[in-house]
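Sequence and predicted model, in that order:
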Amino acid sequence: MQKMWAGRTSGVTDSIADDFNSSIRFDCKMYKQDITGSMAHAAMLGAKGIIAKQEAEQLIDGLQGILDDLESGSLEFDFGCEDIHMFVEQVLTQRLGDVGRKLHTARSRNDQVALDLRMYLRAEIDEIVPLVRAVLDAILHQAEANKSVIMPGYTHLQRAQPILFSHHLMAYAMMLLRDLDRLSDCRRRMNVSPIGCCALAGTTYDTDRRFEANRLGFDGVTRNSLDGVSDRDFCVELMSGISLLMMHLSRFSEEIILWASWEFQFIELSDAYTTGSSIMPQKKNPDMAELVRGKTGRVYGDLMALLTTLKGLPLAYNKDMQEDKEAVFDAVETVKMCLQVFAPMLSSMTVKPEKMKKAAQEGFINATDLADYLVKKGMPFRSAYKISGQVVAKCIRLGCVLEALPLEEYKAFSGLFDADLYPAIDLLACVEKRSSEGGTSPASVEAQIAYVKECLGH
Ligand code: ARG
């Protein structure tokens, strides 16, 4: 079939070239944005007298009809079309005749696609945000249900100091709050309208870009027509934000996988979010968490793909930019799926306080507190650190924990040791004493929980 842009050329292209060139398979996702964008454009053309009012009305009705028919299923996409923009215009022209051919006045597919994509991704952000909030709610739920559970905190994956499990969870809450912040920041910068930039240079028609921007819910218009059609920062920013979000989910997944292992047994995932092995009957695998971790790499790939596509492009529009959509759609779809499974996986997992406590008791994680005890009795920290290390080595030789070493043994290391050392190295006391702002004491964690709730407007 002859292309709509036939003129300069015959418009007859090779069928393999057609398939290669075509984007309708994936940009058909944006049909709603394309049609509502066109309705605003038609209204503007009518309001400004560029076309007759009555023609504008016909176009708007025609476009509404296409939207309704697509949604009801009575109209199907024609995958022989080059892209969604051509498809809509083609159907409109078939239905309205010559009036349909007026829609593309004072517009180009270059500003049209930039408009559609901004509107589409803006709506996607509005879907992602509540999904992130649902994960935050699941975190809050587990933190509040297990407020005083003690676990070992780790560095280098070695038991380090006792912390509250709720404190550990709040660390992830802080990450996700930053993610929410980045998403809203990204949405704000995204929400300016490129329509009216036309092919690259603006237009000779007396258009009103702000009329269209207002109708379509934008906060303003892009300030330079070349930039308006060639800017894909909003895609890169969104994918960067999503990549960070995925990184957080991936780190959390890694911990959940560890915690669910027989070696840790800090948590048990609900059956609904685990799988069995086809051969080993004893298995309960944390596949969901592993997939979230795995899909993170895929999202990074999407981000890298677009950054690389854009890096050598001269202004303004180049067809390379058609590659933006599959990458950004994939990133958005992936993060939504991950968030959807993550929140219920988290809220349905069972926490095992006894296992966490046992691990906390066995790792000499109160050795810092033993050193601090000596410091409070006047010993310089470095000396106290050394003595505590020697006490730990002794306990390892004897096969006991610090709390079980008799006072006489302690006294052999330093005369400063007395019976009050035992309450000082009690795990709960160790936690309670870390009351610095942001620390692991119950009061501090309580404040963190309150902060997260406040940020979420609870
Ligand atoms: N399908 C194209 C894209 O996704 C639409 C813009 C086409 N513009 C052009 N000058 N060929 O980028």
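That came through, no problem. Residues are numbered from 1 along each chain as shown.

how about the helices of the stretch 151-300 of the chain, start to end?
Secondary structure of the stretch 151-300 of the chain (DSSP state H, counting those that start in this stretch): helices at 165-190, 209-215, 225-230, 233-260, 287-310.

any chance of these in TSV, plus distance to the ligand?
All C-beta atoms are positioned from the backbone trio N, CA, C, and that covers glycine. As requested, these are exported to TSV (distance: least, C-beta to the nearest ligand atom, whole Å):
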stretch	distance to the ligand
helix 165-190	17
helix 209-215	18
helix 225-230	9
helix 233-260	12
helix 287-310	11
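
Dump the ones you listed to TSV, plus mean pLDDT and mean neighbour count.
Listed next are the helices of the stretch 151-300 of the chain as TSV, based on pLDDT from 0 to 100; neighbours: other C-beta atoms under 10 Å:
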stretch	mean pLDDT	mean neighbour count
helix 165-190	98	19
helix 209-215	98	19
helix 225-230	98	21
helix 233-260	98	21
helix 287-310	98	18
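
Of all those, which one is nearest Gln448?
helix 165-190 (4.3 Å; C-beta to C-beta).

Packing partners of that closest one?
Contacts defined by 3 or more C-beta pairs under 8 Å, 6 or more residues apart in numbering; DSSP states H and E place helix 165-190 against helix 109-145, strand 150-155, helix 233-260, helix 442-456.

what do you get if the cut-off is 6 Å, keeping everything else the same?
Contacts defined by 3 or more C-beta pairs under 6 Å, 6 or more residues apart in numbering; DSSP states H and E place helix 165-190 against helix 109-145, helix 233-260, helix 442-456.

is the ligand contacted by the longest one?
I take that to be helix 109-145. Yes - shown here: helix 109-145 in contact with the ligand (C-beta under 6 Å from any ligand atom) through Arg109, Asn110, Val113.

which bits of this structure sit near the ligand?
Contacts of the chain with the ligand, taken as C-beta under 6 Å from any ligand atom, map to Ser23, Asp27, Asp83, Arg109, Asn110, Val113, Tyr317, Lys319, Met321, Gln322.

Go through the residues you listed and single out the one with the most neighbours.
The most neighbours of any of the residues of the chain next to the ligand, using other C-beta atoms under 10 Å, belong to Val113, which has 26 neighbours.

how deep is Cys381 tucked in, by neighbour count?
For residue 381 the amino acid is Phe, not Cys. Using other C-beta under 10 Å, the number of residues around Phe381 comes to 11.

who's in contact with it?
Val375 (C-beta atoms under 6 Å, 6 or more residues apart in numbering).

Test for you: state the pLDDT assigned to it.
Looking at Phe381, its pLDDT reads 95.

Under the pLDDT cut-off, which ranges of the stretch 1-150 of the chain? List them.
With pLDDT under 70 as the threshold, the stretch 1-150 of the chain has low-confidence stretches at 1.

Excluding sequence neighbours, find me the nearest residue to the single nearest residue of the stretch 201-350 of the chain relative to the ligand.
Using C-beta to the nearest ligand atom, the closest approach of the stretch 201-350 of the chain to the ligand is made by Gln322 at 3.7 Å. Residue nearest to Gln322 in three dimensions, not counting chain neighbours: Ser23, with 5.1 Å by C-beta to C-beta, 6 or more residues apart in numbering.

and if you look at Glu127?
The shortest distance from Glu127 to any non-neighbouring residue, by C-beta to C-beta, 6+ apart, is to Lys336 (6.5 Å).

Point me to the helix or strand that includes that neighbour.
Assigned by DSSP states H and E, Lys336 belongs to helix 324-347.

For the helix or strand just after that helix, the averaged confidence score.
Going down the chain from helix 324-347, the next helix or strand is strand 350-351, by DSSP H and E. Average pLDDT, strand 350-351: 98.

The residue nearest to Glu127 - how many residues pack around it?
Residues contacting Lys336 under the criterion other C-beta under 10 Å number 15.

go on, the one 5 residues further on?
One way to gauge burial is a neighbour count; for Val341, by other C-beta under 10 Å, it gives 17.

Let me know the pLDDT of the residue nearest to Glu127.
If you check Lys336, the pLDDT there is 98.

and what of Gln322?
In this model, Gln322 is scored at 98, pLDDT.

Distance check, it against Gly415.
78 Å (C-beta to C-beta, to the nearest Å).

Leu306 too?
Leu306 is 67 Å from Gly415, by C-beta to C-beta.

With Leu92 instead?
Leu92 sits 93 Å away from Gly415, going by C-beta to C-beta.

neighbour-wise, which of those two wins?
Legend: neighbour count by other C-beta under 10 Å for Leu92 and Gly415, higher for Leu92 (25 against 9).

got the contact list for the more buried one?
Leu92 touches Gly62, Gly100, counting by C-beta under 6 Å, 6+ apart.

could you say which helix or strand contains it?
Counting by DSSP H and E, the element that carries Leu92 is helix 84-96.

tell me which residues of that helix are tucked away?
Residues of helix 84-96 classed as buried by neighbour count (16 or more other C-beta atoms under 10 Å): Ile84, His85, Met86, Phe87, Val88, Glu89, Gln90, Val91, Leu92, Thr93, Arg95, Leu96.
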